[in-house]
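A.B. asks: I need the structure of the sequence given here:
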Amino acid sequence: MTVLPDDGLSLAAEFPDATHEQWQRLVEGVLRKSGKEVSGEAAEEALSTKLEDGLTTRPLYTAPEAAPDTGFPGFAPFVRGGRAEGGAASGWDVRQRIAGTDPVRVNDAALADLENGTTSLWLAVGDAGLPAEGLGRALEGVYLDLAPVSLDPGAQFAEAARALLALYAERGVAPEAAHASLGADPLGHEARTGVALDLAQAAALAADTAAWPHVRALTVDALPYHEAGGSAAEELGLSLSTGVAYLRALTEAGLSTEAALGELEFRYAATADQFLTIAKLRAARRLWARIAEACGAPGAGAQRQHAVTSPVMMTRRDPWVNMLRTTVACMAAGVGGADAVTVLPFDQELGLPDAFARRISRNTSTILLEESHLARVIDPAGGSYYVEQLTDELAHAAWEFFQVVEKAGGQAAALRSGLVAERLAATWAARSKKLATRREPVTGVSEFPHLSEKPVVREPAPAPLTGGLPRVRRDEAYEALRARSDVHLAATGKRPTVFLAALGPAAAHTARATFASNLFQAGGITPVHDPVSVTPQTAAAAYAASGADGMAVLCSSDALYEEQAEAVAAALRSAGATTVFLAGRPGTAAAAVDEYVFAGCDAVAVLSSVLDRTGVAS
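C.D. replies: Residues are numbered from 1 along each chain as shown. The predicted structure follows:
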């Protein structure tokens with residue numbers, strides 16, 4: 001029997017290591033074939049992707065020369081997780097949100113959720129949910145010593161907390177057996193509504209619950225900043241500043257630093273950008289551990305994290321795609337080490353989710369935990385050069401913004417001065433340009449829209465809190481266009497239409513015709529075309545038969561544009577077309593056409609203009 005050497009790398013031992021410069025030269029060759037003459041770092045830069053916060057995703061990552069110490073799971077700086085065992089024993093807490101004003105219906109939903117995989121409940125209480133006095137009925141039949149309860153109480157946090165604690169006492173739940181998050185978040189409420197609340201009242205609540213070891217009185221909710229268009233670093237920076245403000249208030253109320261740290265839970269958004277979500281949660285723990293260390297309690301700085309799938313990414317059109325978005329976000333939250341994960345139902349933005357949507361949302365976590373075994377590996381992304389570098393860069397960007405907020409007087413002062421609103425608005429404005437130009441595609445909305453889909457109708461949900469920072473959605477500009485088209489459809493029986501004038505064989509026009517078709521449908525405009533293709537002789541008849549509303553788009557290759565564009569455009573105009581677009585680069589066949597649609601054009605502006613010209617009301 002032959003015994004192989006136990007080095008595991010013997011087969012590769014005779015191959016020399018490739019250098020970074022050799023890889024760059026290979027990249028240069030590939031780019032040269034596509035017409036880009038760049039070399040060295042410029043070649044690598046051409047394949048890089050710019051992110052928000054000044055971050056860049058590079059095409060290749062290698063071992064960094066000086067990587068920060070990520071420590072071990074359960075130990076400072078907690079990058080690799082707040083618990084030494086990770087989620088290996090029980091996975092993450094599957095926390096289902098229930099929003100509703102009727103205690104009986106909330107109770108029905110809660111029992112169904114707990115019987116089918118949910119491990120804790122997140123209840124909206126107060127102005128945007130249940131009345132505090134309805135908690136008892138809403139939690140009837142719930143074993144409160146087994147099922148943790150998280151409250152989202154808004155301004156009524158004191159009343160809601162008293163009601164829940166009284167319920168524990170009434171049902172004989174010992175303080176050490178109760179697991180809850182009371183949800184007091186005065187600064188988060190101010191961000192939502194513009195109404196300031198007393199921090200001292202929240203600190204007093206924390207002092208009153210000090211004897212309840214597993215009850216956290218305060219929540220640092222970063223969702224208001226994410227939902228106002230904030231970037232990952234801004235979300236982190238503002239959560240840190242809020243957390244520091246709460247630590248000051250709690251210690252001033254008499255709690256020790258260690259006790260004050262134990263009273264906080266942090267809530268972050270999880271998006272379909274899986275790596276950024278993973279890095280955000282890891283960076284958040286690292287940064288909070290640094291603050292705990294500065295406060296003299298390094299061992300108590302394990303941040304308790306609740307991740308919620310992003311409302312910003314949810315769409316109202318083709319909402320079924322939201323199931324895919326939330327699955328990726330849930331996976332990222334779990335891999336990133338979140339202690340609790342809430343998967344919002346796919347119909348969340350349409351009203352109160354139905355039973356099917358709630359079932360899918362809770363089963364998303366169940367599949368990832370029970371069938372994909374995602375929690376059995378602690379910090380599975382740890383050690384990835386990309387993830388570690390992204391975590392480090394994001395942590396530095398967040399810390400920089402945190403310092404800006406602190407220099408402005410802290411979170412409360414930054415909210416009231418307009419600093420937070422202005423910063424988030426600027427970030428969202430930059431992102432809106434990417435959405436409008438479809439550089440950031442939204443599947444089912446700006447890409448591959450389905451105009452004939454049957455609308456998904458849900459019962460209206462309680463109105464969200466407003467008055468503070470705005471709530472933005474990735475689909476909002478296109479949703480406004482589609483709403484205009486819907487009104488036109490209801491009034492006339494048809495949607496606005498545009499004629500696609502395909503020239504030449506399929507090989508010449510298919511790509512640009514598909515591009516143009518997707519673009520116009522994103523605005524609720526139906527593209528119609530000749531079954532084959534048009535010529536200068538057939539274009540007028542084909543356009544007249546299409547029923548188009550004065551708009552036509554030439555779709556073909558640059559070569560055929562030079563040959564036929566002028567004649568076809570003239571024929572289309574003779575048949576009634578008032579505007580002729582060309583799908584392609586600006587300047588091509590310039591004398592023949594009025595406007596261009598191309599990759600990177602402002603699709604929202606083009607579509608709004610088309611709707612205006614076809615008489616669709618704003």
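A.B. asks: average model confidence for the helix or strand hosting residue 389?
C.D. replies: According to DSSP states H and E, residue 389 maps onto helix 385-407. Average pLDDT, helix 385-407: 97.
A.B. asks: same deal with stretch 249-260?
C.D. replies: For stretch 249-260, the per-residue pLDDT averages 96.
A.B. asks: try stretch 452-461
C.D. replies: The pLDDT scores in stretch 452-461 average 93.
A.B. asks: May I see the buried residues of that stretch?
C.D. replies: By neighbour count, with 16 or more other CB atoms under 10 Å as the criterion, the buried positions of stretch 452-461 are 456, 458, 461. C-beta here means a position set from N, CA and C on the backbone, and glycine is covered the same way.
A.B. asks: Give me the mean pLDDT for whichever helix or strand comes after the helix holding residue 389.
C.D. replies: Moving toward the C-terminus from helix 385-407, the next helix or strand (DSSP H and E) is helix 411-417. The average pLDDT for helix 411-417 rounds to 98.
A.B. asks: Quick check: which helices or strands does helix 411-417 pack against?
C.D. replies: Helices and strands touching helix 411-417, by 3 or more CB pairs under 8 Å, 6 or more residues apart in numbering; DSSP states H and E, are helix 186-193, helix 232-252, helix 419-436.
A.B. asks: again, 6 Å this time
C.D. replies: Applying 3 or more CB pairs under 6 Å, 6 or more residues apart in numbering; DSSP states H and E, one finds that helix 411-417 makes contact with helix 186-193, helix 232-252.
A.B. asks: for the buried residues of stretch 452-461, which one is nearest residue 194?
C.D. replies: Nearest to residue 194 among the buried residues of stretch 452-461 is residue 461, at 21.6 Å by CB to CB.
A.B. asks: The closest one contacts residue 353, correct?
C.D. replies: No. Between residue 461 and residue 353 there is no contact under CB atoms under 6 Å: 8.4 Å.
A.B. asks: in stretch 110-128, what counts as buried?
C.D. replies: Per 16+ other CB under 10 Å, stretch 110-128 contains these buried residues: 110, 113-114, 117-128.
A.B. asks: Just to be sure, residue 29 is in a helix?
C.D. replies: Yes. Applying DSSP: H, G, I helix; E, B strand; the rest coil, one finds residue 29 inside a helix.
A.B. asks: Just the pLDDT at it, thanks.
C.D. replies: pLDDT, residue 29: 84.
A.B. asks: Please name the residues that touch it.
C.D. replies: By CB atoms under 6 Å, 6 or more residues apart in numbering, the contact set of residue 29 is empty.
A.B. asks: Quick check: closest non-adjacent residue to the most centrally placed residue in the chain.
C.D. replies: With distances taken as CA atoms, centre = their mean, the residue of the chain nearest its centroid is residue 271 (3.4 Å). Among residues not flanking residue 271 along the chain, residue 310 sits closest, at 4.4 Å (CB to CB, 6 or more residues apart in numbering).
A.B. asks: again with residue 74
C.D. replies: residue 84 (2.9 Å).
A.B. asks: And residue 500, by the same measure?
C.D. replies: residue 529 (3.8 Å).
A.B. asks: Kindly report the same for residue 67.
C.D. replies: residue 388 (6.1 Å).
A.B. asks: okay, now that neighbour: neighbour count?
C.D. replies: For residue 388, the tally of surrounding residues (other CB atoms under 10 Å) stands at 21.
A.B. asks: now it: how far from residue 337?
C.D. replies: 14 Å (CB to CB, to the nearest Å).
A.B. asks: likewise residue 570?
C.D. replies: Distance from residue 570 to residue 337, by CB to CB: 64 Å.
A.B. asks: Settle it for me: which of those two has more neighbours?
C.D. replies: residue 337 (30 against 16).
A.B. asks: My understanding was that the more buried one contacts residue 83; is that so?
C.D. replies: No. The criterion here is CB under 6 Å, and residue 337 misses it with residue 83 at 8.7 Å.
A.B. asks: Can you tell me what sits against stretch 51-71?
C.D. replies: 47-50, 77, 79-80, 231, 233, 385-386, 392-393, 397.
A.B. asks: Give me the distance from it to the chain's centre.
C.D. replies: 22 Å (CA atoms, centre = their mean, to the nearest Å).
A.B. asks: Mean confidence (pLDDT) on that stretch, please.
C.D. replies: For stretch 51-71, the per-residue pLDDT averages 86.
A.B. asks: Now residue 136. Its backbone dihedrals?
C.D. replies: The phi and psi values for residue 136, taken as degrees, to the nearest 10, are phi -60, psi -50.
A.B. asks: any idea how far residue 179 is from it?
C.D. replies: For residue 136, the distance to residue 179 - CB to CB - is 18 Å.
A.B. asks: Can you pick out the residue with more neighbours from these two?
C.D. replies: More crowded of residue 136 and residue 179, by other CB under 10 Å: residue 179, with 20 against 16.
A.B. asks: distance of the residue nearest to the more buried one when sequence neighbours are not counted from residue 407?
C.D. replies: Leaving aside its chain neighbours, residue 179 sits nearest to residue 148 (3.8 Å; criterion: CB to CB, 6+ apart). Counting by CB to CB, the separation of residue 148 from residue 407 is 38 Å.
A.B. asks: neighbour-wise, which of those two wins?
C.D. replies: residue 148 (19 against 10).
A.B. asks: The more buried one contacts residue 120, doesn't it?
C.D. replies: Yes. Counting by CB under 6 Å, a contact exists between residue 148 and residue 120, whose distance comes to 3.9 Å.
A.B. asks: Tell me where the stretch 501-618 of the chain is predicted with low confidence.
C.D. replies: The stretch 501-618 of the chain contains no residues with pLDDT under 70.
A.B. asks: before we move on, back to that, taking the buried residues of stretch 110-128 together, which two end up most distant?
C.D. replies: Longest span within these, CB to CB: 117 and 127, 29.8 Å.
A.B. asks: Tabulate the contacts of stretch 51-71 in TSV, adding columns for distance to residue 469.
C.D. replies: Formatted as TSV, the contacts of stretch 51-71 follow (distance: CB to CB, whole Å):
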residue	distance to residue 469
47	36
48	32
49	28
50	25
77	30
79	29
80	33
231	14
233	17
385	36
386	32
392	29
393	26
397	20
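A.B. asks: buried subset of these?
C.D. replies: Buried subset of those (neighbour count, 16+ other CB under 10 Å): 77, 79-80, 231, 233, 392-393, 397.
A.B. asks: and of those residues, the nearest to residue 560?
C.D. replies: For the buried ones among the contacts of stretch 51-71, the nearest to residue 560 is residue 231 (43.6 Å; CB to CB).
A.B. asks: I figured the closest one was touching residue 426, is that so?
C.D. replies: No. Counting by CB under 6 Å, residue 231 stays clear of residue 426, with 10.1 Å between them.
A.B. asks: Now for residue 199: which residues touch it?
C.D. replies: Counted by CB under 6 Å, 6+ apart, residue 199 has contacts 186, 249.
A.B. asks: ok, now how distant is it from residue 54?
C.D. replies: 32 Å.
A.B. asks: Likewise for residue 169?
C.D. replies: In terms of CB to CB, residue 169 sits 51 Å off from residue 54.
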